[in-house]
Structure formats: structure tokens, C-alpha cells
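**Q** need a structure here:
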Amino acid sequence: MKTFVSYKSQQGQGLVEYALILMLVIVGVAGVLQVTGYSVRDVYCAAAEGLGANEACAQEQVYCEDDFATLDDWETNWGNFSNIDGKMCTSGWAKNYSKCSQDMANMSDYTIDLSGAELTRGNGYGVFFRGTDLDGRTDGYIVQYDPGWRGGSIIMRKWVNGSELYPFATKRLPDYDWYNESHDMKIDVSGNTFTIYLNGEEVLVGQDDTYSEGGIGLRSWNGTEICVDNLSVGELSANEGGQ
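**A** Alright, predicted model coming up:
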């Protein structure tokens with residue numbers, strides 16, 4: 001007795017088999033990418049760029065963003081921070097951290113954009129990155145906008161158990177307009193390499209491999225008066241930073 005299988009049934013069976021094979025290929029590729037440290041998005045963006053259609057990858061992911069309409073997303077360790085005309089302002093000795101740092105505890109590489117920062121007096125302010133125990137005896141790094149350091153400098157320090165160490169990278173800017181000017185600071189955090197930009201210009205590169213992950217915060221000292229308009233932390237662009 002002969003059994004007949006219709007073409008329609010064979011076609012349906014073939015589609016199921018192709019789907020299963022495709023699924024296995026996708027799972028296998030995803031596993032290989034995970035082992036090698038690449039993501040599916042990395043591969044997609046590389047292919048799109050090669051075809052001249054990389055618009056979908058142009059927008060980097062934003063991890064946290066604050067326009068300081070309120071200060072609800074910040075915790076103060078000491079000193080006082082206030083909202084003045086939609087900016088976060090402080091004076092004297094003060095330290096705080098962003099609540100989004102809790103979500104960044106295992107985050108290594110990112111870009112910090114601090115815009116509209118205006119220092120009106122005092123010896124400067126600092127931006128913490130890869131910080132842990134930010135509400136206590138902080139470990140991590142800090143970039144300091146520091147007109148009081150050797151005639152005016154951008155410097156990088158480590159904090160160890162709540163104490164700051166001597167700078168491991170410095171750049172003197174003796175002719176810079178430190179006061180009463182609105183400046184933008186960008187910090188690219190990539191591997192053991194940290195690159196600082198002021199108003200779009202690279203001013204300092206430092207390297208250290210003590211801390212591999214952590215969140216962000218701000219600090220001021222010694223009579224400082226500073227207001228900041230916006231702050232965001234986002235994905236490090238593929239063509240920025242070290243590897």
C-alpha cells in the first residue's frame with residue numbers, strides 16, 4: 001500500500017525544519033559572541049556601517065540623565081546642594097552621588113557628560129567615576145576641575161577608603177578661564193584609560209587599573225560655588241576611548 005504525502009505537507013515540514021536550523025544557528029552564534037565579548041548589536045552595527053546604513057546605531061544608550069529640574073535622584077553625603085533656576089548648585093565643602101549609581105555597580109565603561117558647569121569662586125569641583133561605597137568611605141576615581149592646583153589644572157586622583165591620593169595624571173591650564181564661564185566636561189571611561197574633554201577639546205588622558213566598575217558623584221571644596229545645568233551617563237561610543 002502506497003502512502004502519499006502532499007506537496008503542501010512537505011512544504012510545511014520543510015519550513016519547520018528550516019526554522020529549527022535557523023534557531024540553532026542563532027543560539028550558536030550568540031554563544032560564540034558572548035564568549036568573545038561581542039554583542040549581537042556590535043555585529044549588526046558593524047555590518048550596517050559596512051553597508052553605509054549605520055543610522056540605527058548612531059544613538060548610544062543613555063544609562064542615566066538629569067536636567068536638575070529636581071534633585072530627587074541625588075543623595076547628599078555632606079554639605080548642601082540646592083536647585084537654583086533648574087541647576088544643581090552647591091558651595092563650600094560638599095559631596096553627593098547619583099542614585100543611578102546603584103544600577104551602575106557592575107558597569108565598567110561609559111561616558112559622563114557634564115554640561116553648563118559654571119564655577120563662580122573657590123578652588124574647584126570634582127566628578128567621581130567608577131565609585132563604590134559612594135555614601136561612605138568611597139573607593140574610586142575623581143576628575144578635578146581645579147584652578148587651585150599649581151596655577152590651574154585638570155587632575156585625576158584615586159580615592160581609597162574615603163581618602164584621596166596624590167594625582168596620577170595632571171594637565172596645567174594656566175591661561176584657562178576658570179571662573180564665570182559655562183563649560184562642558186566629558187569623561188570617557190574605557191578599560192584602564194580615562195580621557196577628559198573640556199568644551200569638546202581633549203585636555204588629559206590618564207591610566208590606572210585599580211578599579212574596574214562603579215558609579216558617579218560630585219564633590220566641591222574650599223569656598224567653591226558651582227552650578228551644573230545637565231548631567232548624563234551613556235554608552236561609550238565604539239570609536240572613543242581605549243581598549
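
**Q** the spatially closest residue to residue 81 that is not a sequence neighbour: what's it in contact with?
**A** Nearest in space to residue 81, with sequence neighbours left out and distances taken as CB to CB, 6 or more residues apart in numbering, is residue 90 at 4.7 Å. The way it works is simple: take the backbone N, C-alpha and C, and place the C-beta from them, glycine included. Listed by CB atoms under 8 Å, 6 or more residues apart in numbering, the contact partners of residue 90 are 79, 80, 81, 82, 96, 218, 220, 224, 225, 226.

**Q** same question for the helix or strand hosting residue 90, mean pLDDT?
**A** Per DSSP states H and E, residue 90 falls inside strand 87-91. Strand 87-91 shows a mean pLDDT of 96.

**Q** in its sheet, which strands sit next to that strand, and in what direction?
**A** Applying DSSP bridges, strand 87-91 is found paired with strand 81-84 (antiparallel), strand 225-228 (antiparallel).

**Q** got the contact list for the last one?
**A** By that I understand strand 225-228. Applying CB under 8 Å, 6+ apart, the external contacts of strand 225-228 come out as 68, 84, 87-91, 114-122, 125, 218, 220.

**Q** same thing with stretch 210-219?
**A** Stretch 210-219 has contacts (CB under 8 Å, 6+ apart) with 77, 88, 90, 94-98, 100-102, 104-108, 112, 125-132, 134, 138-142, 158, 228, 233.

**Q** what of stretch 171-181?
**A** With CB under 8 Å, 6+ apart as the test, stretch 171-181 has contacts from 118-121, 124, 145, 147, 150-155, 196, 198, 203-204.

**Q** let's see 10 Å
**A** 117-124, 145-156, 183, 196, 198-199, 202-206, 225 (CB atoms under 10 Å, 6 or more residues apart in numbering).

**Q** which among those residues end up buried?
**A** Neighbour counting by 16 or more other CB atoms under 10 Å classes 117-119, 122-124, 145-149, 152-156, 183, 196, 198, 204, 206, 225 among the contacts of stretch 171-181 as buried.

**Q** give the contact list for residue 221.
**A** 79, 92-95, 122-126, 144, 146, 148.

**Q** mind checking how far it is from residue 209?
**A** As for residue 221, its distance to residue 209 is 27 Å (criterion: CB to CB, to the nearest Å).

**Q** against which helices or strands is the helix or strand residue 188 falls within packed?
**A** Per DSSP H and E, residue 188 falls inside strand 182-190. On a contact count with 3 or more CB pairs under 10 Å, 6 or more residues apart in numbering; DSSP states H and E, strand 182-190 meets strand 110-121, strand 125-132, strand 139-146, strand 193-198, strand 201-207, strand 225-228, strand 230-234.

**Q** can you count the residues close to the closest residue to residue 119 other than its chain neighbours?
**A** Closest residue to residue 119 apart from its sequence neighbours, by CB to CB, 6+ apart: residue 226 at 5.0 Å. Residue 226 is flanked by 21 other residues according to other CB atoms under 10 Å.

**Q** and for the one 4 residues further on?
**A** Burial measure for residue 230: 17 neighbouring residues, criterion other CB under 10 Å.

**Q** sorry, back to before: okay, the helices and strands packed on strand 182-190 in a markdown table with distance to residue 170 and mean pLDDT next?
**A** As requested, those are exported to a markdown table (distance: least, CB to CB, whole Å; pLDDT from 0 to 100):
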| stretch | distance to residue 170 | mean pLDDT |
| --- | --- | --- |
| strand 110-121 | 18 | 97 |
| strand 125-132 | 13 | 96 |
| strand 139-146 | 9 | 98 |
| strand 193-198 | 11 | 98 |
| strand 201-207 | 7 | 98 |
| strand 225-228 | 20 | 97 |
| strand 230-234 | 24 | 96 |
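
**Q** good, we can wrap up now.
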